[in-house]
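**Q** What follows is a predicted structure for the sequence shown.
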Amino acid sequence: MIVIGLSQIQGGAVTIQHDGDLTNDPFIVGDSTIAANNGNGTVGAINTGTQIITSQAFPNPGSVTQGNVTINFINTPPTLSANTSLPSAQQTQPSTFTFADLAPVVTDVNSDITSVVIDAIAPGATLTINGITATPGTVITYTDTLISGLDKKLAICSELRPN
């Protein structure tokens with residue numbers, strides 16, 4: 001009779017921190033196309049000895065823990081600075097300008113692909129972009145022509161954010 005000694009394997013913990021790559025993609029475990037598509041995740045499973053995750057997408061942003069596996073999505077938000085006053089703008093007259101006139105500067109320490117999106121338009125104000133009425137969620141490009149309606153401040157200055 002042959003007796004083989006077996007020992008209990010004790011697992012450790014796995015913590016993965018990611019920043020979502022350039023387009024803030026979710027972290028995906030067990031996706032065989034990750035390497036070919038320059039994706040964000042693992043080709044195979046995560047196995048800690050006591051916890052196995054074979055296939056799952058972890059959403060952005062935040063932290064998810066399953067057993068002794070933790071996936072942290074950490075991404076520093078981009079910042080936007082711009083000239084908020086235009087010398088030719090008058091309070092009671094429509095103002096026509098390009099987005100470039102605001103001299104926007106988007107800075108992102110994660111080097112994400114960013115765009116500038118209108119979050120809100122000041123109450124009572126109007127804003128058109130290239131002749132089309134803007135609404136929250138509209139993306140602005142550097143060459144867009146903007147017309148701010150009659151209001152005490154430019155509607156565009158209500159809020160801008162990199163996306």
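**A** Sure thing, it's come through. Keep in mind it's a predicted model, so treat the numbers as computed, not measured. Numbering: from 1, shown residues only.
**Q** and the gap between the closest residue to N75 other than its chain neighbours and V69?
**A** Excluding its sequence neighbours, the residue lying closest to N75 (CB to CB, 6 or more residues apart in numbering) is D19, at 4.7 Å. All C-beta spots, glycine's among them, are computed from the backbone N, C-alpha and C. D19 is 18 Å from V69, where distance means CB to CB, to the nearest Å.
**Q** sorry, back to before: neighbours of the residue nearest to N75, how many?
**A** Here the count is done by other CB atoms under 10 Å, and D19 has 19 residues near it.
**Q** how near is it to G12?
**A** Following CB to CB, the distance that separates D19 from G12 is 24 Å.
**Q** pretty sure S32 contacts V43?
**A** Yes - using CB atoms under 8 Å, S32 is in contact with V43, at 5.7 Å.
**Q** the more surrounded of those two?
**A** The neighbour count for S32 versus V43, taken as other CB under 10 Å, is higher for V43 (14 against 9).
**Q** What score does I71 have for pLDDT?
**A** At I71 the predicted local distance difference test score is 89.
**Q** what sits opposite it in the beta ladder?
**A** For I71, the beta-bridge partners are I16, V64 (DSSP bridges).
**Q** show me what contacts it?
**A** Applying CB atoms under 8 Å, 6 or more residues apart in numbering, we find I71 in contact with 15-16, 18, 27, 58, 63-65.
**Q** With I132 instead?
**A** Per CB under 8 Å, 6+ apart, neighbours of I132: none.
**Q** quick one, phi psi at V117?
**A** Dihedral angles of V117 (phi, psi; degrees, to the nearest 10) stand at phi -120, psi 140.
**Q** With adjacent residues omitted, what lies nearest to D25?
**A** The spatial neighbour of D25 that comes closest, neighbours along the chain excluded (CB to CB, 6+ apart), is N40 at 4.6 Å.
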